[in-house]
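this is the structure alone, sequence omitted:
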């Protein structure tokens, strides 16, 4: 199979979009492999069902019924053959009964373990794969719905931010991949989750189907990976903030990875990890403009005239500041900080140090937990620990950023002219990105000021 095609939830939100996606797949020759997200809104419904079940067991029936009705409505409008439709509805019903039993377990114990949550959330993709395979079959294309366990998508033990064991996956998936190629069957594979060696369901986080698709492209040694969404591709800025934001036609792996890491939600931040060292083209495509160029992401990069290709932001961050007159030179301090935050489950986005201060950028949802875990260190070399949740991260991304003289000055001059104060700056950590911290309420003004300067 020369191509893997991933369809996000926005491409599966109603009968019209499912029909469009199916038509695109059926037009491919040779046959591609397909990876699907849950139908739009279903993962949120499953999250809500888990939370409601933990509070009130009586809410379970309504939660499951809402998910069932959503899929049933989609099936009625996309599968005209009555016999096929009846078999498909039976498959949906049997899977949702498993969800219902899991939710009753949540209600009974009054707690939700990562294993149970991941298992429940995986059913959005399981149902979507079942439906999409049947829609393809109804168009005369031989297809097969495959759940991640069936293709050997083995992960580590991090159940809610898992990493695929590529070597083990290749060993288990290889024979199946060869069999599918010989049969000329289009596999419709569940995205978003895999399974640990012990058989527990492990998810890859929101937008994790992008990562699944990249892993499958790696396993198939595909020549191309298409990520189909309901947007044009990567933009020069968030079009909700900047009216003149334009689609970026080409990005390097590094540029796309940095944009995803720093807040652009077009692509899962880890999508390109499995493709390192491969000469595979990744293209973001718009379901509603299939002939449009989208954004091509390739291993090799190029520098545009003004270098900067996109400005992105992330408001879901917070800053932990560790103060002390010797924190920057005392051996072991940063290591201990990392160990404490790691034990508390807090990931560090970035770290900048001076002799008297260590600045840590962390996820906003984990900030309070991180603050409490570090406060116990105060009293010796560490004099105090501060938490600032009213910040935002701004990133300017472009190939050649470090090599272009005066570019950093131009970035910060544009921000200064808008009368915006920069609280923390980092350049050099990445060859293609410069980022800095501003007050949260200045986010939009900063993005617009930089976009005016470079675009």
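That came through, no problem. Remember, predicted model here, so these are calculated numbers, not experimental data. Numbering: from 1, shown residues only.

excluding its backbone neighbours, what's nearest residue 365?
Distances taken as C-beta to C-beta, 6 or more residues apart in numbering put residue 316 closest to residue 365, at 7.2 Å, once the chain neighbours are dropped. For the C-beta atoms, the positions are set from N, CA and C on the backbone; glycine is no exception.

show me what the helix or strand containing residue 349 is packed against.
Residue 349 is part of strand 348-353, with elements assigned from DSSP states H and E. In this structure, strand 348-353 makes packing contacts with helix 333-343, strand 357-363, strand 422-427, judged by 3 or more C-beta pairs under 8 Å, 6 or more residues apart in numbering; DSSP states H and E.

roughly how far is it from the heart of the chain?
Per C-alpha atoms, centre = their mean, to the nearest Å, the displacement of strand 348-353 from the mean C-alpha position of its chain is 22 Å.

just to revisit the earlier point, show me the contacts for the residue nearest to residue 365.
263, 363-365 (C-beta atoms under 8 Å, 6 or more residues apart in numbering).

buried subset of those residues?
By the neighbour-count criterion of 16 or more other C-beta atoms under 10 Å, the contacts of residue 316 include these buried positions: 263, 363-364.

next one, pLDDT for the closest residue in space to residue 212 that isn't next to it in sequence please.
Closest residue in space to residue 212, ignoring its immediate chain neighbours: residue 191 at 3.9 Å, by C-beta to C-beta, 6+ apart. Listed pLDDT for residue 191 reads 97.

which residues sit in contact with residue 191?
Contacts of residue 191 were listed using C-beta under 8 Å, 6+ apart, and they are 6, 35-37, 125, 208-210, 212-213.

list just the nearest of those residues to residue 344.
Ranked by distance to residue 344 (C-beta to C-beta), the contacts of residue 191 are led by residue 208 at 23.1 Å.

isn't the closest one up against residue 193?
Yes: under the criterion of C-beta atoms under 8 Å, residue 208 makes contact with residue 193 at 7.3 Å.

next, the buried residues of the helix or strand encompassing residue 133.
For residue 133, the host element (DSSP H and E) is helix 123-138. Of the residues in helix 123-138, those buried under the neighbour-count criterion (16+ other C-beta under 10 Å) are 123-138.

check stretch 96-109 too.
Using 16+ other C-beta under 10 Å as the test for burial, stretch 96-109 gives 96, 99-100, 102-103, 105-107.

narrow the residues you listed to those in helices?
Using DSSP state H to define helices, the subset of the buried residues of stretch 96-109 located there is 96, 99-100, 102-103, 105-107.

just put those residues in CSV and tack on pLDDT and distance to residue 312.
Conversion of these to CSV gives the following (pLDDT from 0 to 100; distance: C-beta to C-beta, whole Å):
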residue, pLDDT, distance to residue 312
96, 97, 38
99, 97, 36
100, 97, 40
102, 97, 37
103, 97, 37
105, 95, 40
106, 96, 36
107, 95, 41
